[in-house]
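In: quick one, what's the 3D model for this:
(2 chains)
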There are 2 protein chains.
Amino acid sequence: MTKKTPNDRSLTIENLNPRVIEVEYAVRGPIVIRAAEIEKQLKEGNHKYPFDRVIRANIGDCHASGNQVPVTYIRQLVAGCTYPPIMNSKDFPSDIKQKVERLLCSCGGKSLGAYTESQGIMTIREDIANYIQERDGYPANASDIYLCNGASDGIKTVLKLLMNNDAKTPSGIMIPVPQYPLYSATLSEYGAYQIEYYLDEDNNWALDIDELERALNESKDRCVPRGIVIINPGNPTGQVLSRENIKNIICFAKKHRLFILADEVYQENIHLSDSKFFSFKKVLMDLGPPYKNMEMASFHSASKGWHGECGSRGGYYELINIDYDVRMQVNKLISACLCSTAWGQSVMGAIINPPKPGEQSYELYNKERTEVVNQLKHKADLVSKLFNSIEGVKCNPVMGAMYAFPRIEIPEKAIEHAKSKQMAPDAFYCFQLLDKTGICVVPGSGFKQRPGTHHLRTTILPPVDQMKDMVEKFRAFHIEFLNEWK
Amino acid sequence: MTKKTPNDRSLTIENLNPRVIEVEYAVRGPIVIRAAEIEKQLKEGNHKYPFDRVIRANIGDCHASGNQVPVTYIRQLVAGCTYPPIMNSKDFPSDIKQKVERLLCSCGGKSLGAYTESQGIMTIREDIANYIQERDGYPANASDIYLCNGASDGIKTVLKLLMNNDAKTPSGIMIPVPQYPLYSATLSEYGAYQIEYYLDEDNNWALDIDELERALNESKDRCVPRGIVIINPGNPTGQVLSRENIKNIICFAKKHRLFILADEVYQENIHLSDSKFFSFKKVLMDLGPPYKNMEMASFHSASKGWHGECGSRGGYYELINIDYDVRMQVNKLISACLCSTAWGQSVMGAIINPPKPGEQSYELYNKERTEVVNQLKHKADLVSKLFNSIEGVKCNPVMGAMYAFPRIEIPEKAIEHAKSKQMAPDAFYCFQLLDKTGICVVPGSGFKQRPGTHHLRTTILPPVDQMKDMVEKFRAFHIEFLNEWK
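Out: Numbers count the residues shown, from 1 in each chain, chains lettered A, B, ... in the order given. Now for the predicted structure:
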């Protein structure tokens, strides 16, 4: 009688929300779980692996992946907000002290421990509006800014607005392929239809408008198209869209009355000297009427950039040209979870309002920035060159973001073998890579890709020496793999 | 042509997700928006209000509402994690330094800026498991603990597991009335059926099992009952459930195979000396088989307790007796947003692992704790007595949590007037109260209540003098209101 049977249970895999089961998120998927198991074995010393550490190139996590330490300016500011008495030290920079005092004056009881306004602390929203205005040359308003727990949280909120779960036909959202799997995961969870458009690998992952039209057209019987997601700079693909490309996307969205979700979390990660980031908002405004009145959301994050404060879960979105009644509904919706993390907000606030020349903390800040940015540029260049030097591997230049997404030739025999094991061929490949070299990367299938092609995503974050070592290990593995399955 | 018409828009109130429109959240609702407007007018000096400040008694926000400052121990720990060099000061307590070093060793790159494990930083989860074990006298396991962005985030995740949006009949969740409106808001958003059971106001808001049976029985044609929410100590109602009451609820849940969601965020806020908090887990375990194998989730938060670190968005839930396959799905689901805020996690970690006697930071910590806890006890006692001294107002004792929920007699004429304005009578009452006295409280209708009864929720957080003043203003207002509408 005390023995548990399925009938005793209130929650089983059979009656679990079926949409939860459909969610997939490869960046922390089975390969990463396997990597953690291997790490545990390595630590215990009881193993037969031909390596002594796992190289975690699966996730864009600057502090965890390499030799990058937190930016002093950001941490001093947040520590000052956390425990103001540390600012009594004569070594504490005066410019940061001023910023802390201004920020705390904008908090209930002058404490980060008070709930903030649901949209976020007002002074931070004002600073973000200034940042956007300086970036684009067009006005931005603090009342359009919404702080959130990492960009993921904001993206989920905005996608939610476009759903209609009580309608017979699901809402459709256009997403790039390859895409960042938060999008497919969220749309699965929401029961939405994913309108997949392919990025053009042969053209540095650019966005082809004919392809957008094809994808939209083919979806029309299956959904009500409501929005389009663009990730620029691209994740996992690392492209930076040209102004012209963005303009054409905006015209396409206008024509089909699609809400634009511009995922611009890598806006500060531009590596190639001839690449330039244009925000969707700027291009929209440049285009003038009627485009400049179009609605869109632009997302940014404290996790990316060159400072990489992922753990803070700082992020924001700007809602542009949103209908007043809709905005009131958004404000109500987000208020039910009260506010995003005040600490994450303060990190985001620090990032978009860095020290200016002449201020006490500027010199160190600039030194730290220059070092990290130069290293990232160097590694972005290095990694695509290294991959392209391997037979059967082809890698577009890493123009922006923090990933390379090389295409991998997998022999037919290996493909068949993987399929016989119900695995995607590149997942099989990546598992083998992990087991034989300790390199942990994410298979392209986790991001979706053109059928018949195979990729993997690696970050460019490990230190240069480790990265070179990683690619050499990869080269040896790849040659052996081709031989084994030829 | 450039003029905006509804047809130009991709997102309007007409095609906005209808479930978003259904969401209601009174704690930050229209009255609170009005309060902010009044505050703005007061600040500008251009007003005709017979008061010079708004008393914000609408939200349980310790740092913002009163004279309560952050706890030194918590802030030193978090500041140390944020910017470790501050620990070089000879004044920095050695016990906190040790805790910081242990915590950072559990973070990628020894930085709070790295993504944490999706469930949260391991050492914090271990500490939480210890805390639970000491509280209940039963084992707890770090792998059952899930850190989240405030308890709200965790509650939304667990409720999500019980949904089935593709079924014809919606999932049903039992919620208390009155309830904390996150529940009704989330269930509206998820399209679930709310099975409302009434708390027994005449019996100190206890939970009557016959009433649970009635509510469940009446819902059976409209939903598939899946779970039951219990808020203990109660919000907005302030009761603390007896062991016997909890036992009966568990037996009821067992009988009907309901998943238990135990909202225990006020577990440390017990004010009456003859009240004692029993966790649902402890009572479940005490009951032995088959009850001890029942599944449940228990929620806790950094926002509440006596330290009130709301802005941190720290929180956790313990999943008890969860099926392995279900747990794997939960782990996958939460990984798509990567992790909760590492800063919030560290605040939660500090709260459940306070300094022990003999440690350097203990003395100050204990002093700060004693002051706050005694004040809360005093105010809990004071506020119900004060309310009960007013004619037409009846208030149960505030046994726990941080709110009083007095019942207000509203004259028939005022009720009719409110209804003619499409307002809930107690919302009308609270708007009048705000306009005439500056007191901002939440109408009982925002929490749901028995039809024909009217309440308001006030926090017990303002300083004692302010609280006395508030109740006296309230008394005068109430008498005038009764006269005006008699």
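In: residues of the helix ranked longest in chain A that come out buried?
Out: Longest among the helix segments of chain A by residue count, using DSSP state H, is helix A:362-388. For helix A:362-388, burial by neighbour count (16 or more other Cβ atoms under 10 Å in any protein chain shown) applies to A:362, A:365, A:368-369, A:372-373, A:375-377, A:379-380, A:382-384, A:386-387. Every C-beta, even on glycine, is put in place using the N, C-alpha and C of the backbone.
In: repeat that for stretch A:214-226.
Out: Buried residues in stretch A:214-226 (16+ other Cβ under 10 Å): A:Ala215, A:Leu216, A:Ser219, A:Cys223, A:Val224, A:Pro225, A:Arg226.
In: so who does the second one touch?
Out: Taking Cβ atoms under 8 Å, 6 or more residues apart in numbering or on different chains as the contact definition, A:Leu216 lies against A:Met174, A:Ile195, A:Tyr197, A:Pro225, A:His256.
In: is the fourth one part of a helix or strand, or is it coil?
Out: State at A:Pro225, reduced to three classes by DSSP: H, G, I helix; E, B strand; the rest coil: strand.
In: what about A:Glu318, which SS state?
Out: For A:Glu318, the secondary-structure state derived from three-state DSSP is strand.
In: so it touches A:Lys281, yeah?
Out: Yes - between A:Glu318 and A:Lys281 there is a contact at 7.1 Å, judged by Cβ atoms under 8 Å.
In: what's the neighbour count on A:Cys395?
Out: 21 (other Cβ atoms under 10 Å in any protein chain shown).
In: please see if stretch A:292-299 touches chain B.
Out: Yes - for stretch A:292-299, a contact with chain B is found by Cβ under 8 Å from any Cβ of the partner chain, at A:Asn293, A:Met294, A:Glu295.
In: would CSV of the residues you listed with pLDDT be doable?
Out: Output for the residues of stretch A:292-299 next to chain B, formatted as CSV (pLDDT from 0 to 100):
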residue, pLDDT
A:Asn293, 96
A:Met294, 97
A:Glu295, 97
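In: in strands, which of the residues you listed fall?
Out: With strands taken from DSSP state E, there is no overlap with these.
In: which of those count as buried?
Out: Buried, going by 16+ other Cβ under 10 Å: A:Asn293, A:Met294, A:Glu295, out of the residues of stretch A:292-299 next to chain B.
In: near chain B, which residues of the stretch 201-350 of chain A show up?
Out: A:226-227, A:253, A:257-259, A:289-290, A:293-295, A:303, A:307-313, A:322-323, A:325-326, A:329-330, A:332-333, A:335-344.
In: so which residues of the stretch 351-486 of chain A form strands?
Out: With strands called from DSSP state E, counting those that start in this stretch, the stretch 351-486 of chain A shows them at A:393-394, A:403-404, A:407-408, A:439-440, A:442-443, A:456-459.
In: how about the ones you listed, which one is nearest A:Lys419?
Out: Of all these, strand A:442-443 sits nearest to A:Lys419, with 13.9 Å by Cβ to Cβ.
In: residue of the stretch 101-250 of chain A closest to chain B, please.
Out: Relative to chain B, the nearest point of the stretch 101-250 of chain A is A:Gly108 (2.7 Å; Cβ to the nearest Cβ).
In: ok, that residue - contacts?
Out: So A:Gly108 contacts A:Ala114, A:Tyr115, A:Thr116, B:Asp61, B:His63, B:Ala64, B:Ser65 (Cβ under 8 Å, 6+ apart).
In: ok, 10 Å please
Out: A:114-117, A:121, A:342, B:56, B:59, B:61-65, B:310-311 (Cβ atoms under 10 Å, 6 or more residues apart in numbering or on different chains).
In: most neighbours, which of those residues?
Out: The most crowded member of those, judged by other Cβ under 10 Å, is B:Gly311 (35 neighbours).
In: doesn't it lie inside a helix?
Out: Yes - checked against three-state DSSP, B:Gly311 lies within a helix.
In: leaving out sequence neighbours, find the closest residue to it.
Out: A:Ala342 (3.3 Å; Cβ to Cβ, 6 or more residues apart in numbering or on different chains).
In: same check, this time on A:Gly444
Out: A:Gly444 sits nearest to A:His455 (Cβ to Cβ, 6+ apart), 2.9 Å away.
In: burial count for that neighbour?
Out: Here the number of neighbours of A:His455 (other Cβ under 10 Å) works out to 28.
In: let me see the confidence value for it.
Out: Reported pLDDT at A:His455 in the predicted model: 97.
In: what's the answer for the one 10 residues further on, then?
Out: For A:Asp465, the pLDDT comes out at 89.
In: try A:Phe387
Out: A:Phe387 is given a pLDDT of 94.
In: any idea how far the nearest residue to it once chain neighbours are set aside is from A:Asn141?
Out: Spatial nearest neighbour of A:Phe387, chain neighbours left out: A:Cys395 (3.8 Å); criterion: Cβ to Cβ, 6+ apart. With distances taken as Cβ to Cβ, to the nearest Å, A:Cys395 is found 41 Å from A:Asn141.
In: repeat that for A:Leu272.
Out: Where A:Asn141 is concerned, A:Leu272 sits at a distance of 33 Å (Cβ to Cβ).
In: again, but for A:Gly80
Out: 28 Å.
In: neighbour count winner among the two?
Out: A:Gly80 (26 against 14).
In: now the helix or strand containing A:Ile38: mean pLDDT?
Out: Secondary structure from DSSP states H and E places A:Ile38 in helix A:30-44. The average pLDDT for helix A:30-44 rounds to 91.
In: keeping just the C-alphas, turn that helix into CSV.
Out: Below are the C-alpha coordinates for helix A:30-44, written out as CSV (Å, rounded to 0.1, in the frame of the first residue of the first chain):
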residue,chain,number,x,y,z
PRO,A,30,22.4,16.8,-23.1
ILE,A,31,26.0,17.5,-24.3
VAL,A,32,26.4,20.0,-21.5
ILE,A,33,25.0,17.6,-18.9
ARG,A,34,27.4,15.0,-20.2
ALA,A,35,30.3,17.6,-19.9
ALA,A,36,29.4,18.2,-16.2
GLU,A,37,29.5,14.4,-15.6
ILE,A,38,32.9,14.2,-17.2
GLU,A,39,34.1,17.1,-15.1
LYS,A,40,33.0,15.3,-12.0
GLN,A,41,34.9,12.2,-13.0
LEU,A,42,38.0,14.2,-13.8
LYS,A,43,37.8,15.9,-10.4
GLU,A,44,37.5,12.5,-8.7
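In: and that helix, what's buried?
Out: Those would be A:Ile31, A:Val32, A:Arg34, A:Ala35, A:Ile38, A:Leu42, for helix A:30-44 by 16+ other Cβ under 10 Å.
In: these two touch, right, the fourth one and A:Thr437?
Out: Same thing as A:Ala35. No - counting by Cβ atoms under 10 Å, A:Thr437 is not a contact partner of A:Ala35; they are 11.5 Å apart.
In: what touches both of those two?
Out: With Cβ under 10 Å, 6+ apart, A:Ala35 and A:Thr437 have common neighbours A:Val54, A:Ile55.
In: among the buried residues of helix A:30-44, which are in reach of chain B?
Out: Near chain B, judged by Cβ under 10 Å from any Cβ of the partner chain, the entries from those are A:Val32.
In: return the member of the buried residues of helix A:30-44 nearest to chain B.
Out: Taking Cβ to the nearest Cβ as the measure, chain B lies nearest A:Val32 of the buried residues of helix A:30-44, at 8.6 Å.
In: hmm, the closest one is touching A:Cys440, no?
Out: Yes - with contacts counted by Cβ under 10 Å, A:Val32 reaches A:Cys440, the gap being 6.5 Å.
In: which residues are in contact with each of these two?
Out: Common neighbours of A:Val32 and A:Cys440 (Cβ under 10 Å, 6+ apart) are A:Val54, A:Arg56, A:Asn58, A:Ile59, A:Leu434.
In: so which of these are also by chain B?
Out: Within the set of the shared contacts of A:Val32 and A:Cys440, contact with chain B (Cβ under 10 Å from any Cβ) is found for A:Arg56, A:Ile59.
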